[in-house]
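> missing the sequence, but the structure's below:
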């Protein structure tokens, strides 16, 4: 009686997938929901999606106000593994009411 075996040559092979085409900038507006407990998880989801989509820079609109949301956003970004650098947005793009961050280079292992 012949033994059955699986022909591996016809099976689907895993292929290494490179990064998607880069996108220069994406933004999120958090100042419509100034509740920090809701805004930070929204920011985290936005960052993961942006990184997955190979976005180079993100802009977070947090508004000026008294700076509570701005400080929380910047504190979250300062030590985040996906953030290379951050700073205040240009005057034409929100100034103190927005923060811009450059994301680290795409690496599928960080997803």
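Good, I have the coordinates. Being a predicted model, the structure only gives us computed values, none of them experimental.

> buried ones in the helix or strand harbouring residue 38?
For residue 38, the host element (DSSP states H and E) is helix 36-52. By neighbour count on 16 or more other C-beta atoms under 10 Å, the buried set for helix 36-52 is 36, 39-40, 43, 46-47, 50-51. For every residue, glycine as well, the C-beta is placed using N, CA and C.

> which residue sits closest to the residue minimising distance to the centre of the chain, ignoring its sequence neighbours?
The centre of the chain sits closest to residue 47, judged by C-alpha atoms, centre = their mean, with a distance of 2.1 Å. Spatial nearest neighbour of residue 47, excluding adjacent residues (C-beta to C-beta, 6 or more residues apart in numbering): residue 82 at 5.7 Å.

> Could you pull up the residues touching that neighbour?
Neighbouring residues of residue 82 by C-beta atoms under 8 Å, 6 or more residues apart in numbering: 47-48, 51, 103-104, 110.

> Just flag the most distant two among those residues.
The most widely separated members of the contacts of residue 82 are 48 and 104, with 12.7 Å between them, by C-beta to C-beta.

> From the buried residues of helix 36-52, pick the one nearest residue 26.
Nearest to residue 26 among those, with distances taken as C-beta to C-beta, is residue 50, at 5.1 Å.

> Check the gap between that closest one and residue 65 for me.
Remark: distance between residue 50 and residue 65 (C-beta to C-beta, to the nearest Å) = 24 Å.

> Could you check how many residues crowd around the spatially closest residue to residue 20 that is not a sequence neighbour?
Leaving out its chain neighbours, the residue that sits closest to residue 20 by C-beta to C-beta, 6+ apart is residue 54, at 4.7 Å. By other C-beta atoms under 10 Å, 15 other residues sit near residue 54.

> same check, this time on residue 92
6.

> Give me the local confidence score for it.
We note a pLDDT of 96 for residue 92 in this prediction.

> What of the one 4 residues further on?
The predicted structure scores residue 96 at 96 on the pLDDT scale.

> mind checking which helix or strand the closest residue to it other than its chain neighbours is in?
Closest residue in space to residue 96, ignoring its immediate chain neighbours: residue 64 at 5.4 Å, by C-beta to C-beta, 6+ apart. If you go by DSSP H and E, residue 64 is not part of any helix or strand.
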